[in-house]
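> just to be clear, the model below is a prediction. Sequence and coordinates:
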Amino acid sequence: KLALYGQGYTASLAIYAAILDPKVTEVVLADPPSSHEDPTTPEFLGVLRIGDLPHNLALVYPRPITFVGKMPDAYRWTAQLYEQMGIGDKIRVVRSIQEWQPSK
C-alpha cells in the first residue's frame, strides 16, 4: 500500500500526486490549505477552471482520505460527496499522525 502525506502547502502536492497515480491507496493531510487562492499554496496554472482543492481532492474517490488534527471546513464538501456515494466512512480524522494507521 502507498499512502501520501502532505502538511501545509505540501498537502496540495499530495492531492495532485494521488490524482495522477492510481497506485496511491490513501491521502493523509495535515493542515491543508482550503483554497488555491491561499498565497501559501503552490501555483498550478488554470487549476481553478477545474475546481479548488476540496473539489479536486474528491477526484481520488473511492480511495480513503485522512485528515490529521481537524478537517478544514472547506473539505466538508468532499466529505459530503463521499457520504452521498455511500462511502462516508472512508474519510476520517485522527488527532495526530502518531495515531494514523493505514485504512483497510
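Thanks, I have the structure now.
> sort out which residues of stretch 14-22 are buried, please.
14, 15, 16, 18, 19 (16 or more other CB atoms under 10 Å). For glycine as for every other residue, the C-beta is placed from the backbone atoms N, C-alpha and C.
> wait, stretch 79-86
Those would be 79, 81, 82, for stretch 79-86 by 16+ other CB under 10 Å.
> ok, now stretch 31-51?
32, 33, 36, 41, 47.
> quick one: contacts for the fourth one?
When contacts are counted by CB atoms under 8 Å, 6 or more residues apart in numbering, residue 41 touches 9, 12, 33, 35, 53.
> change it to 7 Å
By CB atoms under 7 Å, 6 or more residues apart in numbering, residue 41 lies in contact with 9, 12, 33.
> how far away is it from residue 6?
11 Å (CB to CB, to the nearest Å).
> can you list residues touching both of these two?
In contact with both residue 41 and residue 6: residue 12, using CB under 7 Å, 6+ apart.
> in the chain, which spans are strands?
Assigned by DSSP state E, the chain shows strands spanning 3-7, 26-30, 65-68, 91-94.
> the third one pairs with which strands, and in what direction?
Meaning strand 65-68. Here strand 65-68 is paired, per DSSP bridges, with strand 26-30 (parallel), strand 91-94 (parallel).
> need those strands in TSV (columns: mean neighbour count).
Converted to TSV, the strands paired with strand 65-68 look like this (neighbours: other CB atoms under 10 Å):
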stretch	mean neighbour count
strand 26-30	22
strand 91-94	16
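> re earlier: in helices only, show me the buried residues of stretch 31-51.
With helices defined by DSSP state H, no entry of those lies inside them.
> which one of these is nearest to residue 72?
Nearest to residue 72 out of the buried residues of stretch 31-51 is residue 32 (CB to CB; 6.4 Å).
> nearest residue to the closest one other than its sequence neighbours?
Closest residue to residue 32 apart from its sequence neighbours, by CB to CB, 6 or more residues apart in numbering: residue 11 at 3.4 Å.
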